[in-house]
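A.B. asks: got a sequence here, can you build the structure:
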Amino acid sequence: MIKGVLPHALDMALGMNIDLNESSTLLKFSTASHKKDPSNDAEMRYLADQATKISNISDTSPTDLVEGSRYIGALPNNLGITPAQTFAIQGALADAGLSGSTIAATSLVQFLERLNDE
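C.D. replies: Down below sits the predicted model:
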């Protein structure tokens, strides 16, 4: 897993101006929750690029993405929502003032659970 993730975690760390531990943690949770293969270079690049993009164009922080990914879990993936869409929703929630990983992630999980119930 380390070999496939490390180059992309390093790119994320540089692109988000965070440490390697935080970027690798984000990739770890994103990989698990979206059932991506950590040895697949294209999938790891995709996750890293999408997380970096959203972190740089929205009010969400890398830390919020990490914590949100940890809390949100596999629910978006189970509903067919892509990692890019999940990160974008987290960014939009932050832009709307729901900053903080717990508040944004809780809101997202509640919304997705309602969608899943219908």
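A.B. asks: drop to CA atoms for contacts and neighbour counts, all remaining ones
C.D. replies: OK.
A.B. asks: these two touch, right, residue 67 and residue 102?
C.D. replies: Yes - the pair residue 67 / residue 102 is scored as a contact, 7.3 Å apart, by CA atoms under 8 Å.
A.B. asks: ok, the two, which is more surrounded?
C.D. replies: residue 67 (19 against 16; other CA atoms under 10 Å).
A.B. asks: distance from the strand or helix carrying that one to the middle of the chain?
C.D. replies: Taking DSSP states H and E as the definition, residue 67 sits inside helix 62-72. Remark: helix 62-72 is offset 6 Å from the chain centroid, using CA atoms, centre = their mean, to the nearest Å.
A.B. asks: for stretch 58-74, same thing?
C.D. replies: Taking CA atoms, centre = their mean, the mean C-alpha location of stretch 58-74 is offset from the chain mean by 5 Å.
A.B. asks: mean confidence for it?
C.D. replies: Confidence over stretch 58-74 (mean pLDDT, whole number) is 85.
A.B. asks: what comes into contact with stretch 5-21?
C.D. replies: With CA atoms under 8 Å, 6 or more residues apart in numbering as the test, stretch 5-21 has contacts from 22-24, 27, 38-39, 41, 44-45, 48-49, 51-52, 55-56, 62.
A.B. asks: tell me which of those residues fall in helices.
C.D. replies: Judged by DSSP state H, the subset of these located in helices is 22-24, 27, 41, 44-45, 48-49, 51-52, 55-56, 62.
A.B. asks: just the buried ones from those residues?
C.D. replies: The neighbour count (16 or more other CA atoms under 10 Å) marks 22-24, 27, 44-45, 48-49, 51-52, 55-56, 62 as buried among the ones in helices among the contacts of stretch 5-21.
A.B. asks: tell me where the model's unsure across this protein.
C.D. replies: Counting by pLDDT under 70, the chain has low-confidence residues at 1-3, 100-101.
A.B. asks: contacting residues around residue 44?
C.D. replies: Shown in contact with residue 44 (CA under 8 Å, 6+ apart): 4, 5, 8, 27, 31, 36, 37, 38.
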